[in-house]
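A.B. asks: Requesting a structural model of the entry that follows:
(one chain, ligands or ions: 1)
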Amino acid sequence: MNIIGISDTHDSSCCYIKNGKLIFACAEERFQRRKNFGSFPIKSLRYLLKKYKLKPKDIDYVAVANLSLPTTNILGLNSQFSIKDHLKIQENYFYEHLYNKKNIKLTKIFPKYKFLGESYYPVKKIKLSTSLENNIDLFNLNKIRNNYICKFFNINKNKIYFFDHHRCHAFYGYFMDPTRLNTNVVTSDGGGDKTYETVFTVKKGKFNLVYRGRTSLVGKIYSSITLLLRMHPVRHHYKVMGLAPYTSNYNIKIIKKIFNKSLFIKGKSLKFTKDKKMKDFYFYFVKKLKPYRFDSIARGLQEFTEDLLIKWFKNIFLKTKIKNFIFSGGVANNIKANKRLNEQKFVDKFFAPPGPGDENLSIGAAFSMVYDRLGYKNANKYIKKINNAYFAYEINEEHLKKFKMNKYIKKYYSPKIDKNFKLTAKKIKKGEIVAVCIDKMEFGARALGHRSFMCDPSNIKAKEKLNNLIKQRDFWMPFTPSILSDNFSSYVKGKTKYCNKYMTMSYDSSELAQKHLKAAIHPKDLTIRPQLVSPNVCKKYYKLIKEFKKISGIGAVLNTSLNIHEKPIIMDPQDIVNDFIISKKIFIDNIYVYNTLFTLKKIHK
Ligand SMILES: [Fe+2]
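C.D. replies: So this is what the prediction gives:
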């Protein structure tokens, strides 16, 4: 059975499941080179169909995530908007609608809005509006989706199925966990298919919906406060989370009180209750938080989120009596909340999959399709267990050849084959930065060593160099380590039996980690968000770190995603040339592609 999964909301993606095996999965942003790209994933689908030589007759089903979508998502609004645009829509549109009861048209506020990138949908014909205008014909929009998907694949409509947003998150989370133990599967996000949260139990592979609601506004509130702190409400939540530990106790009690009053859980309920006076999630807080400092707001928000989620998960445990949890959906990106959830006594096992946000919907839709076609018993046998997050675009000799021939690379870099990573490890030990582009690309926003920057995790100067010269990141943001499986327990403290190996959870660090990995832990609270690197999952990357360990005694490297600030992670080595060298005149010390290390010529250093 050949199934193609699609998600056409923001962070759109596609996947291919062949005879129960996830062969390919990729977010469209990598192909379009536009962060959080939303709309029909045309470029990744074209690549997929060509790469696996799929003709219409080969496709058994196309599983599409989201039963319905707002036009803003198909038109990529959330990702295309700048921080300034997000403020403008709040102030000139939502405020007028909600507080002044004025029926302002979104097209009036953004008359020149233009969809950027390529979509297969007729984006020029779709009118920009929100549900507040009461003029969106959702049925018509779904008809467009259905017709165009049908046309794109040249298949009959009876092969196309649509699946609920939160169900997709839940199915992805469950099947990405190879243990397949009986578990709660919990989802929470900024909203999809009129739902903000769901709770399922899975017993012997059978899903049972325990609760579905529109009350978990945790994600919505987190986004609004991110904007209130003048960061991007779609992609900068992690910056607020990284900022939170820096503040002292300055006004924390009073700020937490404001948050706790806005949203809470009564008794043993699975439902959240919001302050009746909260008309919206932005202006409500603008007023109340006006006198308080940015860092205290960040900490208050983070602690409120953690406490509320703990209470919710406890109530879920009290209801289902199951101590295993899988957490999926955008809120599961909060690695600090995940840490505290994992530490609770009522939690035996906690798993957050790689790419917990909307990028996973296409895979969740494809898994849902299998489940519905085969029934739960057969679906659990049929869907092969997944123990890695490398799903697309494998680097081969052709990529290397093309990269070597590039005029910029020829001019600025000297190549040397380094199959065993001996030279690469030496460069890292010397305090230099290495950009690595090997094997298949990681799924989700975290780089896991195949499209990563690396440096010595004990070298603060190397970290600073990376921060300032290459990444242009915020000064408060911590880096993370990739740790050899052999060294994991000596660096990472806490409940690690069921390790979240994809950097989706943080832990406390050991004293040894604070020495060996001082550049790759949070400088203030000393927490660590590790990737576990084992030889059977990522052979090459394991080999690289092992070489570094031989000369440094450290069983880890500092690893951060290989991208320029606000651009998607590199997909093809050619993207390094475009995004770094041509666009930004940034020359990385060393670039490792396929099996070759390209070192910046001395004359250009
Ligand atoms: Fe979602």
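
A.B. asks: For the rest of this, base every contact and every neighbour count on C-alpha atoms.
C.D. replies: Fine.

A.B. asks: Which residues are in contact with the residue nearest to residue 115 when sequence neighbours are not counted?
C.D. replies: Using C-alpha to C-alpha, 6 or more residues apart in numbering and skipping the chain neighbours, the partner closest in space to residue 115 is residue 75 (6.0 Å). Residues in contact with residue 75 (C-alpha atoms under 8 Å, 6 or more residues apart in numbering) are 38-39, 115, 123, 126, 128.

A.B. asks: next one: phi and psi at the residue of the stretch 201-350 of the chain found nearest the ion?
C.D. replies: Residue nearest to the ion within the stretch 201-350 of the chain (C-alpha to the ion): residue 329, separated by 5.0 Å. Torsion angles at residue 329 (phi, psi; degrees, to the nearest 10) stand at phi 100, psi 160.

A.B. asks: tell me, how many neighbours does it end up with?
C.D. replies: Other residues within reach of residue 329, judged by other C-alpha atoms under 10 Å, total 33.

A.B. asks: now it: how far from residue 390?
C.D. replies: Residue 329 sits 20 Å away from residue 390, going by C-alpha to C-alpha, to the nearest Å.

A.B. asks: Check the gap between the residue of the stretch 201-350 of the chain closest to the ion and residue 191 for me.
C.D. replies: 9 Å.

A.B. asks: Chain neighbours aside, what residue packs nearest to residue 262?
C.D. replies: Nearest one to residue 262, counting by C-alpha to C-alpha, 6+ apart, is residue 275 at 4.8 Å.

A.B. asks: What's the per-residue pLDDT of residue 477 here?
C.D. replies: pLDDT recorded at residue 477 is 88.

A.B. asks: For it, which non-adjacent residue is closest in space?
C.D. replies: Residue 477 sits nearest to residue 242 (C-alpha to C-alpha, 6+ apart), 5.6 Å away.

A.B. asks: Please apply the same query to residue 522.
C.D. replies: Using C-alpha to C-alpha, 6+ apart, the closest residue to residue 522 is residue 478 (4.9 Å).

A.B. asks: Ok, residue 244 next?
C.D. replies: residue 299 (4.0 Å).

A.B. asks: was I right about that neighbour contacting residue 245?
C.D. replies: Yes. With contact defined as C-alpha atoms under 8 Å, residue 299 counts as touching residue 245 (6.4 Å).

A.B. asks: Residue 372: how many residues sit nearby?
C.D. replies: Under the neighbour criterion other C-alpha under 10 Å, residue 372 is assigned a count of 10.

A.B. asks: Doesn't it belong to a strand?
C.D. replies: No. According to DSSP: H, G, I helix; E, B strand; the rest coil, residue 372 belongs to no strand; its state is helix.

A.B. asks: For residue 249, which non-adjacent residue is spatially closest?
C.D. replies: Counting by C-alpha to C-alpha, 6+ apart, residue 249 lies nearest to residue 296, which is 7.7 Å off, once chain neighbours are set aside.

A.B. asks: mind listing what's buried in the longest helix seen in the chain?
C.D. replies: Looking across the chain with DSSP state H, the single longest helix is helix 294-320. Buried residues in helix 294-320, counted by 16 or more other C-alpha atoms under 10 Å: 294-306, 308-317.

A.B. asks: that older thread, and the contacts of residue 75 as CSV, adding secondary structure and neighbour count?
C.D. replies: What follows is the contacts of residue 75, written out as CSV (DSSP: H, G, I helix; E, B strand; the rest coil; neighbours: other C-alpha atoms under 10 Å):
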residue, secondary structure, neighbour count
38, coil, 31
39, coil, 28
115, coil, 16
123, coil, 19
126, coil, 15
128, coil, 23
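
A.B. asks: Let me have those in TSV, adding pLDDT as columns.
C.D. replies: Supplementary listing: the contacts of residue 75 in TSV, determined by pLDDT from 0 to 100:
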residue	pLDDT
38	91
39	93
115	93
123	90
126	86
128	87
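
A.B. asks: circling back to that earlier point, counting neighbours, what do you get for the residue nearest to residue 477?
C.D. replies: So residue 242, with other C-alpha under 10 Å, has 21 neighbours.

A.B. asks: List of residues touching the helix or strand that contains it?
C.D. replies: Per DSSP states H and E: residue 242 is located in helix 237-243. Contacts to helix 237-243, defined as C-alpha under 8 Å, 6+ apart, come from residues 222-223, 226, 295, 298-299, 302, 334, 336, 476-478.

A.B. asks: one step back: tell me how far the residue nearest to residue 249 lies from residue 245.
C.D. replies: Counting by C-alpha to C-alpha, the gap from residue 296 to residue 245 is 9 Å.

A.B. asks: Likewise for residue 108?
C.D. replies: Residue 108 is 41 Å from residue 245, by C-alpha to C-alpha.

A.B. asks: OK, contacts around the residue nearest to residue 244?
C.D. replies: Contacts of residue 299 by C-alpha under 8 Å, 6+ apart are 241, 243-245, 247, 252.

A.B. asks: Lowest pLDDT pick from the residues you listed?
C.D. replies: Lowest pLDDT among those: residue 247, 83.

A.B. asks: Surely that one is in contact with residue 295?
C.D. replies: Yes. The pair residue 247 / residue 295 is scored as a contact, 5.5 Å apart, by C-alpha under 8 Å.

A.B. asks: how far does the longest helix of the chain sit from the chain's center?
C.D. replies: 20 Å (C-alpha atoms, centre = their mean, to the nearest Å).

A.B. asks: next SSE after that helix?
C.D. replies: Immediately after helix 294-320, counting by DSSP H and E, sits strand 324-328.

A.B. asks: residues in contact with that following strand?
C.D. replies: So strand 324-328 is contacted by 169-170, 172-174, 181-188, 347-353, 356-357 (C-alpha under 8 Å, 6+ apart).

A.B. asks: and what of stretch 513-532?
C.D. replies: Under C-alpha under 8 Å, 6+ apart, the answer for stretch 513-532 is 245-246, 335, 448, 457-460, 463, 477-485, 488, 490-492, 500-509, 554, 556, 558-559.

A.B. asks: Strands of the stretch 151-300 of the chain, start to end?
C.D. replies: 160-163, 183-192, 195-203, 206-213, 263-264, 273-274 (DSSP state E, counting those that start in this stretch).

A.B. asks: Any chance of the backbone angles for whichever residue of the stretch 401-550 of the chain sits closest to the ion?
C.D. replies: Closest residue of the stretch 401-550 of the chain to the ion, C-alpha to the ion: residue 444 (13.5 Å). The phi/psi pair for residue 444 (degrees, to the nearest 10) reads phi 100, psi 180.

A.B. asks: Just give the closest residue to it, not the sequence neighbours.
C.D. replies: In space, residue 444 is closest to residue 355, 3.9 Å off (C-alpha to C-alpha, 6+ apart).

A.B. asks: so how far is stretch 586-605 from its chain's centroid?
C.D. replies: Relative to the chain's own centre, stretch 586-605 is displaced by 29 Å; criterion: C-alpha atoms, centre = their mean.

A.B. asks: list the buried ones in that stretch?
C.D. replies: Neighbour counts using 16+ other C-alpha under 10 Å place 586-600 of stretch 586-605 among the buried residues.

A.B. asks: cool, stretch 319-329 as well?
C.D. replies: Result for stretch 319-329 [16+ other C-alpha under 10 Å]: buried residues 322-329.

A.B. asks: coming back round to it: could you pull up the contacting residues of the residue nearest to residue 262?
C.D. replies: Contacts of residue 275 (C-alpha under 8 Å, 6+ apart): 261-263.

A.B. asks: One more: residue 84?
C.D. replies: With C-alpha under 8 Å, 6+ apart, residue 84 has no contacts at all.

A.B. asks: and the nearest residue in space to residue 284 that is not next to it in sequence, how many residues sit next to it?
C.D. replies: In this structure, residue 284 finds its nearest non-sequential neighbour in residue 278, 6.0 Å apart by C-alpha to C-alpha, 6+ apart. The tally of other residues near residue 278 (other C-alpha under 10 Å) stands at 14.

A.B. asks: do the one 5 residues further on as well
C.D. replies: For residue 283, the count of nearby residues is 19 (other C-alpha under 10 Å).
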